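My questions are about this predicted structure, shown below with the sequence.
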Amino acid sequence: MQKTAIKFIWYYLKIFKLMLVLILTLMSLSRLLEQGAQYYFAKLFEHIASAVGQADYWQITFDFIVIITVLALLGAFLRMLADWCSSRLVPHIRSVVIRDTFDYVNKQSISYFVGEMTGNISNKFHQLQNGVIDFFVQIHGFLHDTLYTVITIGILTYLNWMLGLCMILWVALMVYQGFRFGRKRATLSKQTSTLSSQTNAQIIDSIANYAEIKSFSNYKFERVNLLNTLRQWRKAETTEQKAKVKIRACMEFLAIISIAIFIIINTFLLYWQQIDVTTYIFALSTFDRLSWTSFSVNWAVNNFTRITGQMNSALETLAIDPEIVDSPSAKTLKIKKAEIKFDKVCFHYNNQQNIFKNFNLDIKAGEKIGIVGSSGSGKSTLIKLISRYFDTSSGTVKINGIDIKDITQDSLHKNIAVIPQDVCLFNRTIMDNIRYGNVDADEAKVIKAAKDASADKFIEKLPSSYKTKVGDRGVILSGGERQRIAIARAILKNAPILIFDEATSSLDSESEKYIQDSMKKLMKNKTVVAIAHRLSTLREMDRIIVLENGKIVEEGTHLGLLRKKGRYAKLFKMQSDGYLQV
């Protein structure tokens, strides 16, 4: 993705260049015909005023009227054709920009989304696509008015070089003022845009965490924070709007003064017989219109600076290079069984102390591994490295002997099913959420997966069964129900690698029993890596790994580790629920 607004816009201008050239051509011809009609209108005035009583007076008058009408109609037709092309172009551009931005943002690594608020990303998304559309809408009017200005200057120069020179100097002055004012407005617009994004991000963050706000009774605290942000946004926007009013007033003042000066110059040229009456009438009528057209051109230039300021603000957030990219020679991973190997892996977050240093671990195909350890021991980091959410500092993570850096990220993730502690569901139907594991699955397969996950009974009790919408993040479902939906989704995906990230840590005993029964079915013939604080979920594991400070301090079966009376036995003893029987 291009890093600056100008390059970003230029990229899409090149994509749609043929349509833009067509629109430009139609507008040029339209303006030329309209100016031709205006010139003959001036000649008609001169004829009416000077040729009264001549034999062919009415014939010539009628001829002028016909010429003016034909030129005006042709000009209007071409202008409407250009507008029609623009009306087709703008929605197309919007769709392409949204598509491309969506694709680029979804290539970002997990760290990008961790570091940015969802509301801020969403708002920048809208700012960018709206900025591109605003630019194309503005440029349509800008080109229309610019062509009128250029054609008018050309005709006036042909009629009298002094009129042309006056017009060129005046346009140059207006353009200079437009750019001078525009630079200041671009800076102000960027500040306003940034604060707008922060405000929207804060609102979305509060709405997304409404339960915490209510439970801690912190509505007033959130309101004060929002008002502080709104105060900054209002101040920045007020400053920008004041600048806008001042700029518009200055431009209008220049336009009015310029009209008066041009009338005086034009009158002296007629008095000195440097121009005829037709040219005089044409020059006055065109300059009156041209002064406001030039004002519109300069206002469009001013708006361009505002738009680029907003877009640059959005691109600072969106156009960040992804931290993790596929190598040019990356291969597609196609496997039925998976062996995972950590070979001398070193890893740290943001230049902090190493979490893993020369870490080694072999997981055989079809083996079920449990990972336990205190907070900060490296459990979650280990499974993130398997999914390549982060790259190792050194060493390799291999699947079936292939370095995952040599595998496309998309194919890697297709071979891994993750069931997290906090299950994310879309605000869609139960059917859609389960089918997300395999978007090509038919309803029969979805229902079978739900039955295998022990989810069918509670689904059938919902108002619309599988067609029930679950609300934002699955709010209408309990924690255990969301977990069973996640397991059904994983069953449907049928990936050879299965990762449980503390999938039962927040469930009650009844829900946990349902989940464990579903997990047993799901884990058959899979390579399983399970993180658990509730050690009951690890009794089915072939091997349990105990991590401390990124190192393996113990490994063995559940019973074997208990007999050792080491770190695992100590963790087990600390379990307060008392639901395990050994």
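The structure has been received and is ready for your questions.

Model confidence score at residue 364, please.
pLDDT, residue 364: 90.

I figured it hits residue 341, correct?
No: judged on Cβ atoms under 8 Å, residue 364 makes no contact with residue 341 at a distance of 9.6 Å. Every C-beta, even on glycine, is put in place using the N, C-alpha and C of the backbone.

Which one's more surrounded, those two?
Shown here are residue 364 and residue 341; by other Cβ atoms under 10 Å, residue 341 has more neighbours (18 against 15).

ok but the more buried one is inside a helix, no?
No: looking at residue 341 with DSSP: H, G, I helix; E, B strand; the rest coil, it is strand, so not inside a helix.

Would you confirm that it contacts residue 361?
Yes: Residue 341 is within contact range of residue 361, at 7.3 Å (criterion: Cβ under 8 Å).

Please name every helix or strand in contact with the one helix or strand residue 174 maps to.
Assigned by DSSP states H and E, residue 174 belongs to helix 161-208. For helix 161-208, the packing partners by 3 or more Cβ pairs under 8 Å, 6 or more residues apart in numbering; DSSP states H and E come out as helix 118-159, helix 219-271, helix 277-318.

what about the ones you listed, which gets the closest to residue 370?
Ranking those by their distance to residue 370 (criterion: Cβ to Cβ) puts helix 118-159 first, at 32.5 Å.

Could you quantify the relative orientation of the closest one and helix 219-271 as an angle?
0 degrees (axes from the mean of the first three to the mean of the last three Cα atoms, to 10 degrees).

So for helix 118-159, mean pLDDT?
The model assigns helix 118-159 a mean pLDDT of 78.

With stretch 544-553 instead?
For stretch 544-553, the per-residue pLDDT averages 87.

Check stretch 66-73 too.
Rounded mean pLDDT across stretch 66-73 is 87.

Pull out the buried residues from it.
Within stretch 66-73, the residues scored as buried using 16 or more other Cβ atoms under 10 Å are 67-68, 71-72.

Quick one: neighbours of residue 316, just the number.
Count around residue 316 with other Cβ under 10 Å applied: 14.

swap that for residue 268, sorry
Residue 268 - counted by other Cβ under 10 Å - has 12 other residues nearby.

and what of residue 8?
Neighbour tally, residue 8, other Cβ under 10 Å: 26.

Can you show me the CA trace of the helix or strand where it lies as PDB?
Assigned by DSSP H and E, residue 8 falls within helix 5-15. Below are the C-alpha coordinates for helix 5-15, written out as PDB (Å, rounded to 0.1, in the frame of the first residue of the first chain):
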ATOM      1  CA  ALA A   5      -2.100  10.400   0.000                       C
ATOM      2  CA  ILE A   6      -0.700  11.700  -3.300                       C
ATOM      3  CA  LYS A   7       0.900   8.300  -4.200                       C
ATOM      4  CA  PHE A   8      -2.200   6.500  -3.000                       C
ATOM      5  CA  ILE A   9      -4.500   8.600  -5.200                       C
ATOM      6  CA  TRP A  10      -2.100   8.400  -8.200                       C
ATOM      7  CA  TYR A  11      -2.200   4.600  -7.900                       C
ATOM      8  CA  TYR A  12      -6.000   4.600  -8.500                       C
ATOM      9  CA  LEU A  13      -5.800   7.300 -11.100                       C
ATOM     10  CA  LYS A  14      -3.600   5.000 -13.200                       C
ATOM     11  CA  ILE A  15      -6.100   2.100 -12.700                       C
END
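
what packs against the next helix or strand after that helix?
Sequence-wise, the next helix or strand downstream of helix 5-15 (DSSP H and E) is helix 17-50. Contacts defined by 3+ Cβ pairs under 8 Å, 6+ apart place helix 17-50 against helix 57-105, helix 118-159, helix 277-318.

if you compare the ones you listed, which one is most tucked away?
Most buried of the helices and strands packed on helix 17-50, by mean neighbour count (mean count of other Cβ atoms under 10 Å): helix 277-318, with a mean of 22.

Okay, angle between it and helix 57-105 too, please.
Using the same axes, to 10 degrees: helix 277-318 against helix 57-105 is 10 degrees.

Quick one: mean pLDDT over helix 277-318.
Mean predicted lDDT for helix 277-318 stands at 75.

Which strands or helices does it pack on?
Counting by 3+ Cβ pairs under 8 Å, 6+ apart, helix 277-318 packs on helix 5-15, helix 17-50, helix 57-105, helix 118-159, helix 161-208, helix 219-271.

Looking at these, spot the one closest to residue 394.
Of the helices and strands packed on helix 277-318, nearest to residue 394 by Cβ to Cβ is helix 57-105, at 28.8 Å.

ranges for the helices of the stretch 451-582 of the chain?
456-460, 479-493, 509-522, 558-564, 567-574 (DSSP state H, counting those that start in this stretch).

What residues sit buried inside the longest one?
Along helix 479-493, the positions that meet the burial threshold by neighbour count (16+ other Cβ under 10 Å) are 479-493.

Over to the shortest one?
Neighbour-count burial for helix 456-460, with 16+ other Cβ under 10 Å as criterion, is recorded at 456, 458-459.

got JSON lines for the helices and strands packed on helix 161-208, with distance to residue 30 too?
Below are the helices and strands packed on helix 161-208 laid out as JSON lines (distance: least, Cβ to Cβ, whole Å):
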{"stretch": "helix 118-159", "distance to residue 30": "8"}
{"stretch": "helix 219-271", "distance to residue 30": "24"}
{"stretch": "helix 277-318", "distance to residue 30": "14"}
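
The ones you listed: which one's closest to residue 107?
helix 277-318 (11.3 Å).

now the closest one against helix 161-208, angle please.
Going by the same axes, to 10 degrees, helix 277-318 makes 30 degrees with helix 161-208.

any idea of the angle helix 277-318 forms with helix 5-15?
110 degrees.

Which phi and psi values does residue 108 adopt?
phi -70, psi 150 (degrees, to the nearest 10).

got it, and residue 376?
phi 90, psi 10.

Poorly predicted segments of the stretch 151-300 of the chain, please.
178-179, 182-186, 207-219, 288, 291-292, 294-295 (pLDDT under 70).

show me what contacts the closest residue to residue 430 other than its chain neighbours?
Of all residues not flanking residue 430 in the chain, residue 466 sits nearest, at 4.9 Å (Cβ to Cβ, 6 or more residues apart in numbering). Neighbouring residues of residue 466 by Cβ atoms under 8 Å, 6 or more residues apart in numbering: 429-431, 443, 446-447, 450, 459.

From these, which land in helices?
430-431, 443, 446-447, 450, 459 (DSSP state H).

from those residues, which is closest to residue 156?
Among the ones in helices among the contacts of residue 466, and counting by Cβ to Cβ, the member closest to residue 156 is residue 431, at 69.3 Å.

Distance check, the closest one against residue 252.
60 Å (Cβ to Cβ, to the nearest Å).

So between those two, which is more surrounded?
residue 431 (19 against 14).

The closest residue to residue 558 other than its chain neighbours: neighbour count?
Leaving aside its sequence neighbours, residue 558 sits nearest to residue 539 (Cβ to Cβ, 6+ apart; 5.0 Å). By other Cβ under 10 Å, the residues close to residue 539 number 15.

Next: the one 3 residues further on.
The tally of other residues near residue 542 (other Cβ under 10 Å) stands at 14.

Nearest residue to it in space, please, no chain neighbours.
Closest to residue 542 by Cβ to Cβ, 6+ apart is residue 368, at 4.7 Å.

which residues does that neighbour contact?
Counted by Cβ under 8 Å, 6+ apart, residue 368 has contacts 523, 526-528, 530, 540-543.

Using ChimeraX, define a selection of the buried residues within these.
Typed into ChimeraX, the line below selects the buried ones among the contacts of residue 368, using 16+ other Cβ under 10 Å:
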select :523,526,527,528,530,541,543
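
Tell me which entries of the contacts of residue 368 lie within strands.
Residues of those located in strands (DSSP state E): 527-528, 530, 543.
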